[in-house]
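> I would like the atomic coordinates for the input below:
(2 chains)
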Number of protein chains: 2
Amino acid sequence: MRELNEKGKLAKAAARKLAVLSTSVKDKALLSMADALENSAEYIIGENKKDIEAGRESGLREGLIDRLMLNADRISGIAEGLRQIAALPDPIGEAVSRVKRPNGLKITKVRVPLGVIGIIYEARPNVTADAAGLCVKSGNAVILRGGKEAFSSNMAIVKVMQEAGYAAGLPEGSINLVENTTRESSTALMRLNEYLDVIIPRGGAGLIKAVVENATVPAIETGTGNCHVYVDESADLDMAKNIVINAKTQRPSVCNAEEKLLVHEKIAAEFLPSMLKELSERGVEIVGDERCRALWSEAEAATEDDWYTEYLELKIGVKVVGSVDEAIAHINKYNSGHSEAIVTSSYQNAQKFLDEVDAAAVYVNASTRFTDGFEFGFGAEIGISTQKTHARGPMGLRELTSTKYIIEGSGQIR
Amino acid sequence: MRELNEKGKLAKAAARKLAVLSTSVKDKALLSMADALENSAEYIIGENKKDIEAGRESGLREGLIDRLMLNADRISGIAEGLRQIAALPDPIGEAVSRVKRPNGLKITKVRVPLGVIGIIYEARPNVTADAAGLCVKSGNAVILRGGKEAFSSNMAIVKVMQEAGYAAGLPEGSINLVENTTRESSTALMRLNEYLDVIIPRGGAGLIKAVVENATVPAIETGTGNCHVYVDESADLDMAKNIVINAKTQRPSVCNAEEKLLVHEKIAAEFLPSMLKELSERGVEIVGDERCRALWSEAEAATEDDWYTEYLELKIGVKVVGSVDEAIAHINKYNSGHSEAIVTSSYQNAQKFLDEVDAAAVYVNASTRFTDGFEFGFGAEIGISTQKTHARGPMGLRELTSTKYIIEGSGQIR
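The predicted structure is shown next:
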């Protein structure tokens, strides 16, 4: 695809320069882009209106229209995000380790940019600015491929950022947006090995699956979260109730929200009726196994599919288990490797759960909603990796870097 | 493919147990497997003979026959390798970082195994024991898929290791060898996403390319090395000569051997004739650009293909360049991201080269031959990554791990 080859070539050339660009120039560019976005709010909102109208015409549901919509406040929020990125420490050049070998060689492992990062995302135009900002700060060139629903908004944001960023000293070609928003351009980007060093999909299960199936560029899977909270027999039940309400209802549409509740049989009769009443009152639809339904007759029967499903809405699957081991086995079978929590007062069960549950983030006595780059103190987030290579869990600036070894000698040979 | 599904299932179940197995059991198993290999040397050599005979019949060239051949000494060498792995520190459970957040959450990033590792390799049966040993120590289950040329040898080694290892407490299913050695089994293994967490190819450019093209499991590219030595105008020419001779001729068949020589024009007339005479006398075939050939008429003309080629034999491509910038641009265009060296006395040029050359290992005044897990002090090596995600450069035990975040709270909600 010609557009991708051209943009790939530009991005790769820019990446060489970005890799050695000083932090002060990168930060100046980020601040300048932030100001430019605010100063161009009227233009961006005008372009955004085109997307909103097209979305309404094509019958996009209101939730997506809302995600798509930009106003002055949201644009200020996006600009503020770029200023926060500028304020973060630059990961590039940081030494990860240094050794002096017996033969006198000094071997230093140094953080360097990945190179060119491809990002495929869906409807939210704020991702455009956010992802570009994170890539610039970490010295990477970026090729963005946003959803067609946000096309005019993305074009406008990128145009403003390019003009301001390049004027402030970023190499031309640092920030690129793919204008072809067909499925073919998405697939071609995943296979652009000549120019791309990594591809990061940000979106739903369908997009992630397409990347796993089709990408030849190294990919980082993000964001599917079939998260469980297990309430152990020794749990503080008030704490458990607070955590479940928070994890399930505070923001049900995000990947770190709770989707399943496992409860130890010894406390099920005491805990579940009031817990499920509370969830019901908050509008949560409940499906459960037989033992759950015996305690809460309004629950529909959960299917095998339910245990695998990330609902992303006010719905929860509930199961009664006989032991912490059964809870762990269930989680390790059905989870998506995102965030899992135990509520317990037992030291042994807490240790067992932390050791044996296979997920990016494993909690004792806290809500799964904390799996987030900001909550973890990274100051930024490009996504949450649910795979085990490269990075796992919330990805901040460091996770957008690679390393290289620099070896300083005085004539050593083998 | 039924065999892969069965072994994948076994490996995944074993991986759960391996992840929490104590270091002492893993080390005991490694030592026990080492002893068993030595005690079964006669059996293994007998099986190896079948491969040697089949190889001779099918016309395998002597270099490959030699790589394939096992004798008592080589088996002791393999056993010694396992003992060395047993003596290394266990990377699992190591904390990478720990923070206490303002809300009281304690967030620890801990090393955990990757899970199930697939390794596709070619003719050398020592890789079988070596790779299995590294996976066991790092708490990973492994599915090995060796070349058909070494089939009987690999089967024998794996049988001995399984018996001794499982008797010493390794979970059954920790070590698996794919018995189907068709190309189909290799491709199916690269796509075994249900059970595999990562696939590592160890072999030539053809294998690496097949993995990049076909793998849906996250892959780590290893081993292609089109390595350059650039002799700067300010170089100590004796040092440069030693480094070039070592990097090119000490072991020309390995990935960290030099393939290209770049020489600054100001010292080319003084340096090249004696350098190339020395290489010629050592049997090195020389191809060069025009300016090289003007100084060394025996050199054939280098083609565009030559600059991209990893010869892995006594052959070198030589080019005269006008500046360190031209050398860097040439390297960044043609290299494979492995190991690159500058010989210089200029502080500025050394810094420039280290900053701007894009490779896993960048050297000043030392031979590229040091890019190796043992030389870097890791005590082991599964391969040398030439990609930028997950791991770059020599991969030891730590590079066979992932991380997980464990978050300890006291009821925190958002």
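
> Only alpha carbons, please: show the longest strand seen in chain A as PDB.
With DSSP state E setting the assignment, residue counts place strand A:401-412 as the longest strand in chain A. Coordinates of the C-alpha atoms in strand A:401-412 are reproduced here as PDB (Å, rounded to 0.1, in the frame of the first residue of the first chain):
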ATOM      1  CA  THR A 401      11.600   1.600  24.900                       C
ATOM      2  CA  SER A 402      14.100  -1.000  23.900                       C
ATOM      3  CA  THR A 403      17.700  -1.300  25.100                       C
ATOM      4  CA  LYS A 404      21.000  -1.600  23.500                       C
ATOM      5  CA  TYR A 405      24.300  -2.700  24.900                       C
ATOM      6  CA  ILE A 406      27.200  -0.300  24.600                       C
ATOM      7  CA  ILE A 407      30.600  -1.900  25.100                       C
ATOM      8  CA  GLU A 408      33.700   0.200  25.700                       C
ATOM      9  CA  GLY A 409      37.000  -1.500  25.300                       C
ATOM     10  CA  SER A 410      40.700  -0.900  24.800                       C
ATOM     11  CA  GLY A 411      41.400  -3.400  22.000                       C
ATOM     12  CA  GLN A 412      40.000  -6.600  23.500                       C
END
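
> Going by neighbour count, which residues of that strand are buried?
By neighbour count on 16 or more other C-beta atoms under 10 Å in any protein chain shown, the buried set for strand A:401-412 is A:401-409, A:411-412. Any C-beta I mention is one placed from the backbone N, CA and C, and that applies to glycine too.

> So which of those residues would count as near chain B as well?
A:402-409, A:411-412 (C-beta under 8 Å from any C-beta of the partner chain).

> could you pull out the helices for the stretch 301-414 of chain A?
Using DSSP state H, counting those that start in this stretch, the helices assigned to the stretch 301-414 of chain A run over residues A:304-308, A:324-334, A:347-356.

> now for the first one, which elements pack on it?
Contact partners of helix A:304-308 among helices and strands, from 3 or more C-beta pairs under 8 Å, 6 or more residues apart in numbering or on different chains; DSSP states H and E: strand A:315-321, helix A:324-334.

> can I get these in JSON lines with distance to chain B and mean pLDDT?
Listed next are these as JSON lines, based on distance: least, C-beta to the nearest C-beta, whole Å; pLDDT from 0 to 100:
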{"stretch": "strand A:315-321", "distance to chain B": "16", "mean pLDDT": "98"}
{"stretch": "helix A:324-334", "distance to chain B": "7", "mean pLDDT": "97"}
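
> Most tightly packed of these?
Highest mean neighbour count of these: strand A:315-321, a mean of 24 (counted as mean count of other C-beta atoms under 10 Å in any protein chain shown).

> Output the contacting helices and strands for it.
If you count contacts as 3+ C-beta pairs under 8 Å, 6+ apart, strand A:315-321 packs onto strand A:258-264, helix A:265-281, strand A:285-288, helix A:290-295, helix A:304-308, helix A:324-334.

> Out of the ones you listed, which one sits most buried?
Mean neighbour count (mean count of other C-beta under 10 Å) peaks for strand A:258-264 among those, with a mean of 27.

> And the residue of the stretch 151-300 of chain A closest to chain B?
Scanning the stretch 151-300 of chain A for proximity to chain B using C-beta to the nearest C-beta identifies A:N246 as nearest, at 3.6 Å.

> Which of the helices or strands spans that residue?
helix A:237-249 (DSSP states H and E).

> the domain parsing of chain A - what is it?
A:2-221+A:387-408, A:227-370 (automatic domain parsing).

> Turn the ones you listed into CSV, including distance to B:N154.
Shown next, in CSV, are the domains of chain A (distance: least, C-beta to C-beta, whole Å):
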stretch, distance to B:N154
domain A:2-221+A:387-408, 26
domain A:227-370, 29
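
> Quick check: nearest residue in space to A:S410, chain neighbours excluded?
Using C-beta to C-beta, 6 or more residues apart in numbering or on different chains and skipping residues adjacent in sequence, the residue nearest A:S410 is B:N365, 5.7 Å away.

> Could you give the number of residues near that neighbour?
Residues contacting B:N365 under the criterion other C-beta atoms under 10 Å in any protein chain shown number 22.

> On the pLDDT front, check it for me.
Predicted confidence (pLDDT) at B:N365: the value is 98.

> how far away is it from A:I406?
12 Å (C-beta to C-beta, to the nearest Å).

> Same question for A:A380.
Distance check for A:A380 against A:I406: by C-beta to C-beta, it reads 27 Å.

> could you list every residue that touches A:A391?
Counting by C-beta atoms under 8 Å, 6 or more residues apart in numbering or on different chains, A:A391 touches A:220, A:385, A:399.
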